[in-house]
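Asks: Mind folding the following:
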Amino acid sequence: MGRVELFIWAIPAFAVLMFVEWIAYRRDPDRPDSSGSARDTASNVVTFTLSRLAKPLLQHLLPFSAVVAAAAITPLHLSPRSWWVWVLGLVVTDFCYYWAHRADHRVRLLWTAHSVHHSSEYFNLSTAIRLPWLHPVVSTVRGVAWVPAALLGFPAWMIFLLQSIGLLYQFPIHTQRIKALPRPIEFLFNTPAHHRIHHGSNQPYIDKNYGGVFIIWDRVFGSFAAESEPIRYGLTKNIGTDNPLKVNYHELAGLVRDVRGATTWRGRLGYIFGPPGWTEHPAPEPDRVQEPMSDRADNRAGAAQLTS
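Replies: Below you'll find the predicted structure:
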């Protein structure tokens with residue numbers, strides 16, 4: 001079964017689970033305001049549909065894949081007939097996903113596509129299918145993250161299939177209905193409690209919990225955060241629209257504007273490869289008002305009297 005067929009079979013399950021979650025929220029008088037809205041859910045569904053329709057077009061426009069090339073030239077070849085190859089492959093491809101996902105948040109070029117997924121101010125199962133479509137440059141650059149898996153000898157088709165399984169795993173963790181799972185699960189795996197934090201746009205949650213299937217990568221590489229205050233979903237500057245076209249390209253349009261307005265090559269490259277929010281001309285920090293020497297001496301003397 002290929003990744004396309006896998007997603008086709010998963011779509012009915014997505015629809016059923018989203019409907020069950022909607023019913024649960026309707027029956028809950030204490031449902032949070034961030035549980036969802038009809039317009040936002042419709043925008044998520046349309047965005048997902050366009051993403052699925054654009055996938056074959058993207059594959060024809062970009063037949064070259066760095067993963068396929070790496071798998072063809074590597075001297076290592078692991079057999080998919082061995083069960084341990086599948087287990088190891090899941091771990092390795094998820095490790096690659098962690099770094100790809102981390103780059104999604106730290107490189108603005110990649111953020112132009114990934115910000116689509118984070119642009120909803122709500123958090124529910126429909127948020128999981130709010131995925132970008134027709135970002136060919138980003139797709140090509142991002143795919144390089146799985147080259148190490150191909151060089152280790154995993155077949156390209158297995159890498160793509162395990163990528164899809166990892167994405168399917170992440171669908172049910174986009175919910176506020178499930179609180180905390182047993183501690184061993186919470187320690188090792190990505191869960192709804194962890195992924196809610198990843199979608200937070202307020203500190204201390206920004207750029208945290210990048211893991212796909214496993215959260216252990218975040219614990220090892222210092223990007224883990226547990227919930228410590230209420231979560232605000234969306235972007236630091238929300239786009240204020242449910243138009244699928246604007247949802248998909250709002251950040252790319254912003255990047256193009258910034259690059260065109262840059263005055264130096266450092267600025268142009270910074271807007272493309274720097275982190276989101278990077279600016280060519282940062283605002284100067286306000287100067288500290290220097291306290292006169294006589295006042296500082298008087299203040300120290302007064303402090304000494306208070307502590308004596």
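Asks: Extract the residue ranges of the stretch 151-300 of the chain that are flagged as low pLDDT.
Replies: Applying pLDDT under 70 to the stretch 151-300 of the chain flags residues 285-300.
Asks: Who are the contact partners of P244?
Replies: Shown in contact with P244 (C-beta atoms under 8 Å, 6 or more residues apart in numbering): 43, 46-47, 50. (Glycine included, C-beta is placed from N, CA and C.)
Asks: Now compare those residues and name the two farthest from each other.
Replies: Comparing every pair within the contacts of P244 by C-beta to C-beta identifies S43 and L50 as the most remote, at 10.7 Å.
Asks: on that earlier part again, please render the contacts of P244 as CSV that adds neighbour count, secondary structure and pLDDT to the earlier fields.
Replies: Shown next, in CSV, are the contacts of P244 (neighbours: other C-beta atoms under 10 Å; DSSP: H, G, I helix; E, B strand; the rest coil; pLDDT from 0 to 100):
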residue, neighbour count, secondary structure, pLDDT
S43, 21, helix, 86
V46, 17, helix, 87
T47, 24, helix, 84
L50, 18, helix, 79
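Asks: which one among those residues gets closest to R102?
Replies: When the contacts of P244 are compared for distance to R102 (C-beta to C-beta), T47 wins out at 23.2 Å.
Asks: The closest one contacts Y249, correct?
Replies: No. Contact criterion C-beta atoms under 8 Å: T47 and Y249 do not qualify, at 11.2 Å.
Asks: who touches stretch 83-95?
Replies: By C-beta under 8 Å, 6+ apart, the residues outside stretch 83-95 that reach it are 78-80, 146, 148-149, 152, 154, 158-159, 162-163, 165-166, 211-214, 217.
Asks: If we use 7 Å, what do you get?
Replies: For stretch 83-95, contacts defined as C-beta atoms under 7 Å, 6 or more residues apart in numbering pick out 78-79, 146, 149, 152, 154, 158-159, 162-163, 166, 212-214, 217.
Asks: Could you give me the buried positions within the helix or strand encompassing P184?
Replies: Per DSSP states H and E, P184 falls inside helix 183-188. Within helix 183-188, not a single residue qualifies as buried, counting by 16 or more other C-beta atoms under 10 Å.
Asks: Could you do stretch 66-81 as well?
Replies: For stretch 66-81, the neighbour count (16+ other C-beta under 10 Å) marks 66-68, 70-71, 78 as buried.
Asks: out of the residues you listed, which are inside helices?
Replies: Counting by DSSP state H, the part of the buried residues of stretch 66-81 found in helices is 66-68, 70-71.
Asks: now these as CSV including distance to L125?
Replies: Formatted as CSV, these follow (distance: C-beta to C-beta, whole Å):
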residue, distance to L125
A66, 32
V67, 29
V68, 33
A70, 35
A71, 34
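Asks: Apart from its chain neighbours, what residue comes closest to L134?
Replies: Take L134 and drop its neighbours on the chain: the residue closest to it by C-beta to C-beta, 6 or more residues apart in numbering is A54, 4.7 Å away.
Asks: wait, Y205
Replies: I197 (4.9 Å).
Asks: Would you mind identifying the next helix or strand past the helix or strand where that neighbour lies?
Replies: Counting by DSSP H and E, the element that carries I197 is helix 192-198. Later in the chain than helix 192-198, the nearest helix or strand by DSSP H and E is helix 216-221.
Asks: can you list contacts of that following helix?
Replies: Residues from elsewhere that reach helix 216-221 (C-beta under 7 Å, 6+ apart): 95, 98, 188, 209-211, 224.
Asks: ok, now with 6 Å
Replies: Applying C-beta atoms under 6 Å, 6 or more residues apart in numbering, the contact partners of helix 216-221 are 98, 188, 209, 211, 224.
Asks: Leaving out sequence neighbours, find the closest residue to the third one.
Replies: Put plainly, it is N209. According to C-beta to C-beta, 6+ apart, the nearest residue to N209 is H198 (4.1 Å).
Asks: do the same with the fourth one
Replies: Of all residues not flanking G211 in the chain, N190 sits nearest, at 4.6 Å (C-beta to C-beta, 6+ apart).
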